[in-house]
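J.: return a 3D structure for these sequence lines:
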Amino acid sequence: MISDPLFYAAAVFAVILMGFGKGAFGGGMGILAVPVMTLFLPPQQVAAILLPLLCAMDVFGIWGYRKSWDRKTMAILAPAMIFGITIGALTFKYLDDNIIRFAVGVIAISFCLDTWLRNQDAKPKSNNVLKGGFWGTVSGLTSFVAHAGGPPISVYLLPLKLEKSAYVGTVIILFTLANYVKLVPYSYLGLFTRENLLTSLALSPLVPLGMYIGFALHNKIPRDKFFRLVYAILFILGIKLIYDGALAFLAG
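T.: Next up is the predicted model:
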């Protein structure tokens with residue numbers, strides 16, 4: 001098991017933040033928290049340590065939002081996400097995750113700016129199989145390759161203007177599916193070493209704490225403020241993805 005105390009200080013912050021984000025908003029905070037852990041470990045190892053913890057968070061999330069999710073949206077997005085994960089697994093050796101991070105960041109920021117500058121109060125959009133299939137596939141691919149599946153899904157889900165708990169519940173169930181499917185290729189790629197799994201186990205008591213904080217905050221935020229926060233988080237994530245992608249690409 002990893003013994004560096006500085007790593008655990010960073011990991012405690014990251015796991016609680018990710019649990020809070022998943023419980024309150026459906027996810028997304030990992031893009032902000034994971035870079036802290038990568039100061040001490042390679043990105044692939046961080047991903048392997050976190051995936052079992054995310055799967056545990058998903059169990060709490062499904063229980064918390066078991067009655068609040070949109071079935072029609074799930075039926076469109078879930079198969080597309082699995083397809084995207086499959087593409088990511090098959091092309092893992094050939095894809096540049098930094099370029100993908102950059103592209104997803106540009107999409108996220110462009111979407112937020114378009115919404116803010118035009119008409120955020122526009123009527124809700126209807127589910128669309130072609131659009132849902134596209135964004136679900138992109139989300140599955142970016143989730144596998146760059147752990148950035150949240151922004152593409154938000155681009156599709158936010159214009160639907162779901163009730164806030166239905167929005168979070170749908171996101172949680174989608175990424176529960178994605179995370180458990182990702183266990184198979186991660187295992188095949190040899191990422192679940194004894195050291196990584198023991199480290200995940202040591203961090204696992206933080207999972208319910210982070211999720212509880214997220215659940216509590218979600219219930220206290222009015223719907224309008226909730227979605228303003230979601231757009232703001234998406235915008236910040238977009239900036240972070242562009243920064244990480246561009247910095248790593250220029251350095252390499």
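J.: identify the residues contacting the closest residue to Arg101 other than its chain neighbours.
T.: Distances taken as Cβ to Cβ, 6 or more residues apart in numbering put Gly245 closest to Arg101, at 3.6 Å, once the chain neighbours are dropped. Quick note: C-beta positions are derived from backbone N, CA and C, even for glycine. Gly245 makes contact with Asn98, Ile99, Ile100, Arg101, Phe102, Ala103, Gly105, according to Cβ atoms under 8 Å, 6 or more residues apart in numbering.
J.: how far out from the middle of the chain is the longest helix seen in the chain?
T.: Across the chain, the longest stretch assigned as helix under DSSP state H is helix 223-251. Mean-position distance between helix 223-251 and its chain equals 12 Å (Cα atoms, centre = their mean, to the nearest Å).
J.: point out where the stretch 151-252 of the chain drops to low pLDDT.
T.: The stretch 151-252 of the chain contains residues with pLDDT under 70 at 252.
J.: swap the cut-off to 90 and go again
T.: 151, 188-191, 223-224, 227-231, 233-234, 237-238, 240-241, 244-252 (pLDDT under 90).
J.: still on that earlier bit, against Ala146, how distant is the residue nearest to Arg101?
T.: From Gly245 across to Ala146, the span is 8 Å (Cβ to Cβ, to the nearest Å).
J.: returning to that earlier point: helices - which of the contacts of Gly245 land there?
T.: Members of the contacts of Gly245 lying in helices (criterion: DSSP H): Asn98, Ile99, Ile100, Arg101, Phe102, Ala103, Gly105.
J.: neighbours around Ala246, how many?
T.: Ala246 has 15 neighbours, counted by other Cβ atoms under 10 Å.
J.: quick one: the helices in the stretch 101-250 of the chain?
T.: Per DSSP state H, counting those that start in this stretch, the stretch 101-250 of the chain carries helices over the ranges 129-146, 150-157, 164-188, 194-203, 206-220, 223-251.
J.: could you dump those to a markdown table with distance to Ile82?
T.: What follows is the helices of the stretch 101-250 of the chain, written out as a markdown table (distance: least, Cβ to Cβ, whole Å):
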| stretch | distance to Ile82 |
| --- | --- |
| helix 129-146 | 6 |
| helix 150-157 | 13 |
| helix 164-188 | 6 |
| helix 194-203 | 24 |
| helix 206-220 | 24 |
| helix 223-251 | 23 |
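J.: so which of those helices is the most packed in?
T.: Stretch with highest mean neighbour count among the helices of the stretch 101-250 of the chain: helix 150-157 (a mean of 26; mean count of other Cβ atoms under 10 Å).
J.: now for it, which elements pack on it?
T.: Helix 150-157 is packed against helix 71-90, helix 97-117, helix 129-146, helix 164-188, helix 223-251, with contacts defined by 3 or more Cβ pairs under 8 Å, 6 or more residues apart in numbering; DSSP states H and E.
J.: of all those helices, which one is nearest Phe215?
T.: helix 164-188 (9.8 Å; Cβ to Cβ).
J.: wait, which of the helices of the stretch 101-250 of the chain is closest to Leu32?
T.: Nearest to Leu32, of all those, is helix 223-251, at 6.2 Å by Cβ to Cβ.
J.: helix 97-117 and that closest one, what's the angle between them?
T.: 150 degrees (axes from the mean of the first three to the mean of the last three Cα atoms, to 10 degrees).
J.: tell me who's in contact with Ala47.
T.: Val34, His147, Tyr186, Leu191.
J.: redo those residues as a markdown table? Include distance to Phe40.
T.: Output for these, formatted as a markdown table (distance: Cβ to Cβ, whole Å):
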| residue | distance to Phe40 |
| --- | --- |
| Val34 | 12 |
| His147 | 17 |
| Tyr186 | 20 |
| Leu191 | 17 |
